[in-house]
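Engineer: What follows is a predicted protein model with its sequence.
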Amino acid sequence: MVTAKELENLYLKMPGTEPVTLTTKRGVNNDVLQTQSISHAWQRDITRDDVAKGLVLTAPEGIVWNIPDVLLAGKEIETGDTITDSDSVVWIVMSITRVRLRTHWRCICRREK
């Protein structure tokens with residue numbers, strides 16, 4: 001069985017990843033903010049199906065972030081959370097799906113205005 005440490009080392013070698021910051025908003029009024037650095041996440045272009053679902057209006061304003069579950073240290077991503085990329089662009093999580101045998105979070109995001 002693969003250990004969490006072995007998976008973490010795998011992401012260190014994976015090309016095309018970048019560090020991001022996840023900001024979670026919890027509490028009754030979303031007033032409890034927590035930030036977490038994620039060492040390796042990667043972007044993918046948004047699909048036509050994602051645009052058709054109304055999650056974003058146009059492809060340029062949306063992106064898909066893939067975040068390995070093992071790097072979240074037990075936290076979960078929810079809609080309304082934000083992902084800040086290495087260029088300080090803030091992305092609002094609009095939809096979340098667990099993919100690849102629940103090892104990754106696929107986050108459809110809209111650029112914050």
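Structural biologist: Thanks, I have it. Residues are numbered from 1 along each chain as shown.
Engineer: all contacts plus neighbour counts: C-alpha atoms, from now on.
Structural biologist: Fine.
Engineer: for this protein, which spans come out with low pLDDT?
Structural biologist: 1-15, 59, 100 (pLDDT under 70).
Engineer: Tell me the first helix or strand C-terminal of the top strand by length along it.
Structural biologist: In the chain, assigned by DSSP state E, the strand with the most residues is strand 32-44. Using DSSP states H and E, the next helix or strand after strand 32-44 towards the C-terminus is helix 48-52.
Engineer: how about that following helix: buried residues?
Structural biologist: Asp50, Val51 (16 or more other Cα atoms under 10 Å).
Engineer: contacts for that helix?
Structural biologist: Val56, Leu57, Thr58, Ala59, Ile108 (Cα atoms under 8 Å, 6 or more residues apart in numbering).
Engineer: Tabulate the CA atom coordinates of the longest strand of the chain in CSV.
Structural biologist: The C-alpha trace of strand 32-44 is given here as CSV (Å, rounded to 0.1, in the frame of the first residue of the first chain):
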residue,chain,number,x,y,z
VAL,A,32,-14.2,31.6,10.3
LEU,A,33,-11.4,31.9,7.8
GLN,A,34,-8.5,29.5,7.6
THR,A,35,-5.7,29.4,5.1
GLN,A,36,-3.6,26.5,4.1
SER,A,37,-0.7,26.3,1.7
ILE,A,38,-0.9,23.5,-0.9
SER,A,39,2.5,22.8,-2.3
HIS,A,40,1.4,21.2,-5.6
ALA,A,41,-1.8,21.8,-7.5
TRP,A,42,-2.4,22.0,-11.2
GLN,A,43,-4.8,23.9,-13.5
ARG,A,44,-6.8,22.6,-16.4
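Engineer: Summarise which helices and strands it is packed against.
Structural biologist: strand 18-26, strand 62-68 (3 or more Cα pairs under 8 Å, 6 or more residues apart in numbering; DSSP states H and E).
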